[in-house]
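Asks: generate coordinates for the sequence data below:
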Amino acid sequence: MNSPRYERVRQALEQLSQGPVPLQALADAAGQSLFHFQRSFVELAGVTPKEFEQALALERAKQSLRAAEPVLDAALAAGLSGPSRLHDLFLSVDGMTPGEFKQAGRGLLIQWTCVDSLLGLVWLAASARGLHRLAFLQDDSPEALVQAAAEQVPEARWQRDDAALRPLAEELQQRLAGLKPSRPIGLALSGTPLRLKVWQALLRIPEGQVLSYTQLARLAGAPQAVRAVASCVAANPIACLIPCHRVIRANAEFGEYRWGPQRKRTLLGLELARADARSASAQV
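Replies: Take a look at the predicted model:
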């Protein structure tokens, strides 16, 4: 069940992402006073409603795309790091060995749970190796997601365990609220070499920054394979932590998103607003 605390702010984010809404109207819809609504919004989103609304403007996205060039050049000069301990020092990509893949996950215990968040219910699955899947729940049930994921490792054992995954769930909620990471999250992934390179490149896009698909292809070392790179982005199995939402079209349109275009707009709006807020705070 969705928490009323999250639901009030979640609905406000959805309204704001569709266009300007008076603050009083948002507070009334949430059944709160103006003061308490704004405090709840800032507490969960990390920015004010006005900052979020301003960050969603098309011009803001265009500015971010233009500013991406120096960021992109710096990342290219540094080169992509190896398959672990990537740029942010709290995510790693560690694919299954060929032998493990051949055995289809035999002997592997994968636990799963559902987590309430500012952007809706999240389903996640993890093992001792790290996080395997992270998805925003939409039309599918958690059990349907387990069934689909299990097809990749049919010999693995899947089990719901909310208690065992509570620390991971709390860390995810903290990050979605814009707070600093408090513990590392390892990723247990397997994929083609190009997919792994693209997912690594996505991890190099800073929060509050966006790239076009062409820019991402350059960053992934595949400048002539823009369409293939776009397919790799669409296949990303780890929502938000591997930030495929930070890739938009060259004309600054947000475009499609595996977990819904509305959610992509909200994610980008929050990140762009938080980046602006940090920048303004640093200048004071």
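Asks: show me where pLDDT drops low in this structure?
Replies: Scanning the chain for pLDDT under 70 picks out the ranges 1-2, 57-65, 67-105, 281-284.
Asks: for it, which segments count as strands?
Replies: 91-93, 109-115, 122-127, 130-136, 157-160, 185-187, 211-212, 247-248 (DSSP state E).
Asks: next, the angle strand 130-136 makes with the third one.
Replies: This means strand 122-127. Between strand 122-127 and strand 130-136, the angle comes out at 170 degrees (axes from the mean of the first three to the mean of the last three Cα atoms, to 10 degrees).
Asks: next, the buried residues of strand 122-127.
Replies: Val122, Trp123, Leu124, Ala125, Ala126, Ser127 (16 or more other Cβ atoms under 10 Å). Backbone N, C-alpha and C define where each C-beta goes, glycine included.
Asks: residue contacts, the residue of the chain positioned farthest from its centre?
Replies: Distance from the C-alpha centroid of the chain, by Cα atoms, centre = their mean, peaks at Ser33 (31.1 Å). Ser33 makes contacts with Ala27, as judged by Cβ atoms under 8 Å, 6 or more residues apart in numbering.
Asks: only the C-alpha atoms, please, for stretch 6-25, written as PDB.
Replies: This file holds the C-alpha atoms of stretch 6-25, laid out as PDB (Å, rounded to 0.1, in the frame of the first residue of the first chain):
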ATOM      1  CA  TYR A   6       4.500   9.900  -0.200                       C
ATOM      2  CA  GLU A   7       1.200   9.900  -2.100                       C
ATOM      3  CA  ARG A   8       0.500  13.600  -1.300                       C
ATOM      4  CA  VAL A   9       3.800  14.800  -2.700                       C
ATOM      5  CA  ARG A  10       3.700  12.300  -5.500                       C
ATOM      6  CA  GLN A  11       0.400  13.600  -6.800                       C
ATOM      7  CA  ALA A  12       1.700  17.200  -6.500                       C
ATOM      8  CA  LEU A  13       4.800  16.200  -8.600                       C
ATOM      9  CA  GLU A  14       2.500  14.700 -11.300                       C
ATOM     10  CA  GLN A  15       0.400  17.900 -11.400                       C
ATOM     11  CA  LEU A  16       3.400  20.200 -11.600                       C
ATOM     12  CA  SER A  17       5.100  18.100 -14.400                       C
ATOM     13  CA  GLN A  18       2.000  18.800 -16.600                       C
ATOM     14  CA  GLY A  19       2.200  22.500 -16.100                       C
ATOM     15  CA  PRO A  20       2.100  25.400 -13.600                       C
ATOM     16  CA  VAL A  21      -0.200  24.900 -10.600                       C
ATOM     17  CA  PRO A  22      -0.800  27.500  -7.800                       C
ATOM     18  CA  LEU A  23       0.800  26.400  -4.600                       C
ATOM     19  CA  GLN A  24      -2.500  26.900  -2.700                       C
ATOM     20  CA  ALA A  25      -4.300  24.500  -5.000                       C
END
